[in-house]
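> Predicted model and sequence follow; I will ask about them next.
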2 protein chains.
Amino acid sequence: MVRMTPEHRRAAIVAAALAVARRKGLASTTVRDVAAEMGTSSGLVHHYFEHMDDVLAAAFELVAEEDLRQTAESMAATPYPAEALVRFFRAYAPAEADPAFQLWLDAWAEASRRPAIKATSRRLNVRWHALLEETIRRGTGTARFRCHDPSGAAWRILSLVDGLALQVVAHGTTISRAEAFAWAAETSERELGLPAGALTSGRTR
Amino acid sequence: MVRMTPEHRRAAIVAAALAVARRKGLASTTVRDVAAEMGTSSGLVHHYFEHMDDVLAAAFELVAEEDLRQTAESMAATPYPAEALVRFFRAYAPAEADPAFQLWLDAWAEASRRPAIKATSRRLNVRWHALLEETIRRGTGTARFRCHDPSGAAWRILSLVDGLALQVVAHGTTISRAEAFAWAAETSERELGLPAGALTSGRTR
DNA sequence: CAGGTTGTTGGACAGTCGCGCAATATGGTC
DNA sequence: GACCATATTGCGCGACTGTCCAACAACCTG
C-alpha cells in the first residue's frame, strides 16, 4: 500500500491506462485492468477520476500530445515550409501495426460512445490542422506555395493523410508506408500549386 | 412461434443483426437485441451461430456489401464518368452520427485484433478502390479525365474521402458534410486534371 | 391420427462492467 | 507520541454480457 501524492498517483493511473490500452485497445481497457497494472485496488481509480472515460481520454491525450509536440518541434527546426511539410508527412506515416496510430483508430471509433474521448480527439485533431494551416500560410509568404484557402487545404491534406495511415494500419498490405508518404506529398504539391517533385525529390528548399 | 427453414432463419438472424448494428453500432449489438429485432427468443440465435462474433462478422459483411452494391448500381446508371464520381461522393459522405459509417470506424479499430473483421474490411475496401479506379479509367477514355496512374489516384481519392468522413462522424462539427463533399470533389478535379467546378457545378456531362 | 424430428422457448448461469462506500492504513503536523 | 486529513482498500450493488439447456410446440412422415 504505497501512498503517493495526488499528482503522482494521477500520473501513475494515466500511465497504467496507457500501457493497458496499447496492449488491449482503448475500448477494452477496464478499471480493473488499470488497477491491476498499478498493483492497487480498483476503487483508487475512481478516487481520482469520476468516469472511466476520463481516464481513457487522458491516456489517449498523453500519446497524442507527445506525438504532436515532437512533430511540431521537428517542423519548427527548419526555415523551409516545404521541408516542414515533408517532416509532417514523415511523422504522420505510420508503420504497420503502429501502436500509437492504433490508438487514434480506437479513439475515432469510441468517440461516439464516450464524450470525453470525443472531445480530446477533436481537440488534438484541430491542433494538427492548425499546425498544417500555419505551415501553408508560411509557405504562401516566404516560399512559392499558391493557396487561396489555407484552412480548407489543411483539412484536405490532413484527411488524406489520416485516410492513408488508416489503410496502412488497419489493413496492413493494401498500400505501403512508402506509397502513403509519396501520395500525401504528390497530392499536396497539386493542392499548393507546387511543381511535381517539389516535396519528393529531396530538394525542398 | 413461426417456424422457418434453417436457411431462412440464418438469413433472418443476420438481417436482424444488420438492422440493429446500423442503429447502435457493431460493438454494442447484443444477442438479445438481435432476438428482439426478430421477435424471437435469444436462445434461437445460438442455435444457428456458435458465437455472437460470427453473427456480427456476417452482419458487417452484409451491410458493407449492400452499401457497395447500391453505390455501384447508382454509378452504373449514368454514362458520364464525372457524374458517376459525384454519385460516389454523395454515397460516401456520411451524416453526423451516421451509424452505417460508424460500422467502418469500428471495423478499422478492431481489424488489428480480429482477423475475420480485418479480412472483410480489407476485401470490401479493395472493392471500393476498384470501383473508383474503373470509373477513372472510363473517364480517361470517354471523358476529359487526365490521369497517368488510375490505381494510385483511386487510392488517394478513397483515402481522402475516408479521412473526411471520419472527421464528420467521429468529431461531429469540425467539418460539415457539405464541406466534406465539396472538398472531395475539389481535390478530385485537381487529381484528374479537370477544370475547377467540373464536379461541383451540377454540370457533370 | 400417432410418432418422431427439430425449430423454438425462456430462464439459469457465470462472468463482466462501472461505480459507490464504509473501513482501514499511512504520512505529516502539533 | 497523539492526532487528523486523506490515500487506499476490498467488497457490494445493479446492470449488462455470451452461452447453455431442458422443456415445449410445430411440422413431416407413416
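Received, thanks.
> so where do the helices sit in chain A?
Ranges of helices in chain A, per DSSP state H, are A:6-24, A:31-38, A:43-48, A:52-76, A:81-92, A:99-110, A:115-142, A:150-171, A:177-191.
> Need those in TSV (columns: mean neighbour count and distance to chain B).
From N, CA and C alone the C-beta is placed, and that goes for glycine too. Below are the helices of chain A laid out as TSV (neighbours: other Cβ atoms under 10 Å in any protein chain shown; distance: least, Cβ to the nearest Cβ, whole Å):
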stretch	mean neighbour count	distance to chain B
helix A:6-24	18	8
helix A:31-38	18	15
helix A:43-48	15	22
helix A:52-76	18	12
helix A:81-92	21	11
helix A:99-110	24	4
helix A:115-142	19	4
helix A:150-171	24	3
helix A:177-191	20	5
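> Can you name the residues of chain A sitting close to DNA strand C?
Contacts of chain A with DNA strand C, taken as Cβ under 7 Å from any atom of the strand, map to A:1-3, A:28-33, A:42-43, A:46-47, A:50-53.
> residue of chain A with the smallest distance to DNA strand D?
Among all residues of chain A, residue A:43 sits closest to DNA strand D, at 2.2 Å; criterion: Cβ to the nearest atom of the strand.
> State the pLDDT value of that residue.
Here, the pLDDT recorded for residue A:43 equals 97.
> From residue A:34, how far out is the closest residue in space to residue A:30 that isn't next to it in sequence?
Distance criterion Cβ to Cβ, 6 or more residues apart in numbering or on different chains; nearest residue to residue A:30, sequence neighbours excluded, is residue A:52 at 7.5 Å. According to Cβ to Cβ, to the nearest Å, residue A:52 and residue A:34 sit 8 Å apart.
> joint contacts of those two?
With contacts taken as Cβ atoms under 8 Å, 6 or more residues apart in numbering or on different chains, the residues that reach both residue A:52 and residue A:34 are residue A:45.
> give me every residue that touches residue A:167.
Contacts of residue A:167 (Cβ under 8 Å, 6+ apart): A:174-175, A:180, B:125, B:155, B:159, B:162.
> hmm, which two among those residues are most spread apart?
A:180 and B:125 (14.2 Å; Cβ to Cβ).
> Verify the stated contact: residue A:54 with residue A:114.
No: the criterion here is Cβ atoms under 8 Å, and residue A:54 misses it with residue A:114 at 9.3 Å.
> any residues in contact with both of those two?
Common neighbours of residue A:54 and residue A:114, using Cβ under 8 Å, 6+ apart, do not exist here.
> what's the spacing between the residue nearest the centre of chain A and residue A:12?
Nearest to the geometric centre of chain A sits residue A:64, at 4.8 Å (Cα atoms, centre = their mean). Separation of residue A:64 from residue A:12 (Cβ to Cβ): 19 Å.
> now do residue A:170
31 Å.
> swap in residue A:113?
26 Å.
> Residue A:191 too?
Distance from residue A:191 to residue A:12, by Cβ to Cβ: 44 Å.
> then stretch A:80-98 to CSV, C-alphas only?
Extracted as CSV, the C-alpha positions of stretch A:80-98 are listed here (Å, rounded to 0.1, in the frame of the first residue of the first chain):
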residue,chain,number,x,y,z
TYR,A,80,11.7,26.0,-45.3
PRO,A,81,7.9,25.4,-45.3
ALA,A,82,8.3,22.6,-48.0
GLU,A,83,10.8,20.8,-45.8
ALA,A,84,8.4,21.3,-42.8
LEU,A,85,5.7,19.6,-44.8
VAL,A,86,7.9,16.7,-45.6
ARG,A,87,8.7,16.3,-41.9
PHE,A,88,5.0,16.4,-41.2
PHE,A,89,4.3,13.5,-43.7
ARG,A,90,7.2,11.6,-42.3
ALA,A,91,6.0,11.9,-38.8
TYR,A,92,2.4,11.0,-39.8
ALA,A,93,3.1,8.0,-41.9
PRO,A,94,2.7,5.1,-39.6
ALA,A,95,4.4,1.7,-39.7
GLU,A,96,2.2,-1.4,-40.0
ALA,A,97,0.9,-2.4,-36.6
ASP,A,98,1.8,1.1,-35.3
